[in-house]
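> Below is the sequence, then the predicted model.
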Amino acid sequence: MKLLRKILFPVVPIYYAVTSLRNMLYNLGIKKSKSYNLPIICVGNLSVGGTGKTPMIEYLIEILKVGYKVATLSRGYGRKTKGFILADKSATAKSLGDEPFQFYNKFKNDIIVAVDENRNNGIQNLMSLKASPDIILLDDAFQHRKVKAGFNILLTTYDNIYTNDFVLPTGNLREPKCGAKRANIIIVTKCPEHLSEDDKHYIVVKINPEAHQQVFFSYIKYSDYVISNSDSKKVSNLPNFTLVTGIANPKPLVGFLNKKGLKFNHLNFKDHHEFSSQEVLELNRKEFIVTTEKDFMRLNQYESLRDKLYYIPIAVSVTDTEKINSLIKGFVES
């Protein structure tokens, strides 16, 4: 794969030019972005792969659900449906996609969860609801410029800051680095828990934020327990198990489990992997399975796995919590 990316390096200027032209047309108003008269917060990234968008959406839900009617709107990657779908008790990972289904399972009584590959259509449908939302959180829509979000949160991972990267196909960037200028705040995700002030300063200098931007740092907090449909177990007491991941970057989770001194066999699949019947049969032979919450949404549909399937919850902790929460709530209130 790395060799192929190097071979495709001559394509990089073409991709760069096309994406730059597209952004320029939006910036000049030649291509139109639609604004709305309610607060819309977009969470996204410049790069492909996992930067922690799902836990960041959940972080926003937690701080906004008290006092506001919050809706999430996602494309619904990997779902078997089309168009606008509003989550209800009949929803599944197949009808919504695994991440929106996770939002619904966790916050179903507190928020509205919707999917639509056409974000403008999705927003209009949400606004037309009898109990319409006060706020819409757009999941993974930084490049979806047909919608002009009022507040943009750009995520980039600690071990692969976007300033060190190239555009596709040689690098991982969906658009040139200058696209970061559209962000209101930039969050460096998946940091070590105890990041020094010197390290933070070094990263901020590399990012070189605009005058209107602020940079924050976040790290993942793993639960001390794994959870099943009807049970929970302390992570430190887990027997030998099989770790199953279908996410973009499982390294932080693997590192966490290794630090705990646990013994496990890791089955690593691509992001949003759709498990085949043969793979489910093979998993059914395992005695104890630990997975991510996102993968649990897909695997839990198989009754044969439910008694042995556990997931480890995660949450995001952001430095300068009061400051970032104040910025977000300040935008909503304004």
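Received it, and whenever you're ready, just let me know what you need. Numbering: from 1, shown residues only.
> Leaving out sequence neighbours, find the closest residue to residue 193.
Distances taken as Cβ to Cβ, 6 or more residues apart in numbering place residue 219 nearest to residue 193, at 4.9 Å, with adjacent residues excluded. In this view, the C-beta of every residue, glycine as well, is placed from N, C-alpha and C.
> got a list of what the one you found touches?
Applying Cβ atoms under 8 Å, 6 or more residues apart in numbering to residue 219 gives the contacts 189, 190, 191, 192, 193, 195, 316, 317.
> Please apply the same query to residue 138.
The contact partners of residue 138, taken as Cβ under 8 Å, 6+ apart, are 40, 41, 42, 43, 44, 73, 119, 144, 147, 149.
> same check, this time on residue 179
Taking Cβ under 8 Å, 6+ apart, we find residue 179 in contact with 19, 23, 46, 142, 143.
> The third one and residue 171 touch, don't they?
Read that as residue 46. No: at 10.0 Å, residue 46 and residue 171 do not qualify as touching, with contact defined as Cβ atoms under 8 Å.
> These two: who's more crowded?
Between residue 46 and residue 171, residue 46 has the larger neighbour count (other Cβ atoms under 10 Å), namely 26 against 20.
> ok, back up a step: the residue nearest to residue 193: helix or strand, and which one exactly?
For residue 219, the host element (DSSP states H and E) is strand 214-222.
> In PDB, could you pull the C-alpha coordinates for that strand?
C-alpha atoms of strand 214-222 as PDB (Å, rounded to 0.1, in the frame of the first residue of the first chain):
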ATOM      1  CA  GLN A 214      -8.000  28.500  19.300                       C
ATOM      2  CA  VAL A 215      -6.300  25.200  19.700                       C
ATOM      3  CA  PHE A 216      -7.300  22.600  22.300                       C
ATOM      4  CA  PHE A 217      -6.000  19.100  23.200                       C
ATOM      5  CA  SER A 218      -8.000  16.000  24.100                       C
ATOM      6  CA  TYR A 219      -7.300  12.500  25.200                       C
ATOM      7  CA  ILE A 220      -9.300   9.300  25.300                       C
ATOM      8  CA  LYS A 221     -10.500   8.000  28.600                       C
ATOM      9  CA  TYR A 222     -11.300   4.300  28.600                       C
END
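> Quick check: can you name the pairing partners of that strand and their directions?
Sheet neighbours of strand 214-222, with direction, are listed as strand 185-189 (parallel), strand 314-318 (antiparallel) (DSSP bridges).
> Single out the most deeply packed of these.
strand 185-189 (a mean of 24; mean count of other Cβ atoms under 10 Å).
> pLDDT on that one, on average?
For strand 185-189, mean pLDDT rounds to 98.
> contact partners of it?
Contacts of strand 185-189 (Cβ under 8 Å, 6+ apart): 51-52, 56, 152-158, 161, 180, 203, 207, 209, 213-220, 316, 318, 324, 327.
> Which among those residues count as buried?
51-52, 56, 152-158, 161, 180, 203, 207, 213-220, 316, 318, 324, 327 (16 or more other Cβ atoms under 10 Å).
> So, low pLDDT: which residues of the protein?
1 (pLDDT under 70).
> for it, which helix is longest?
Assignment by DSSP state H gives helix 12-27 as the longest helix of the chain.
> Which elements pack onto that one?
Taking 3 or more Cβ pairs under 8 Å, 6 or more residues apart in numbering; DSSP states H and E as contact, there are no helices or strands that helix 12-27 lies on.
> And the next helix or strand past that helix?
Going down the chain from helix 12-27, the next helix or strand is strand 40-45, by DSSP H and E.
> elements contacting the helix or strand following that following strand?
On the C-terminal side of strand 40-45, the closest following helix or strand by DSSP H and E is helix 53-64. Counting contacts by 3+ Cβ pairs under 8 Å, 6+ apart, helix 53-64 is packed against strand 40-45, strand 70-74, helix 98-107, strand 135-139, strand 151-157, strand 314-318, helix 321-333.
> For residue 285, find the nearest of the ones you listed.
Taking Cβ to Cβ, helix 98-107 is the member of the helices and strands packed on helix 53-64 nearest to residue 285, at 23.5 Å.
> Which residues does the closest one contact?
Residues contacting helix 98-107 (Cβ under 8 Å, 6+ apart): 53-54, 57-58, 61, 65, 72, 74, 76-78, 87, 91-93, 95-96, 111, 113-115, 139, 272, 293-295, 297-298.
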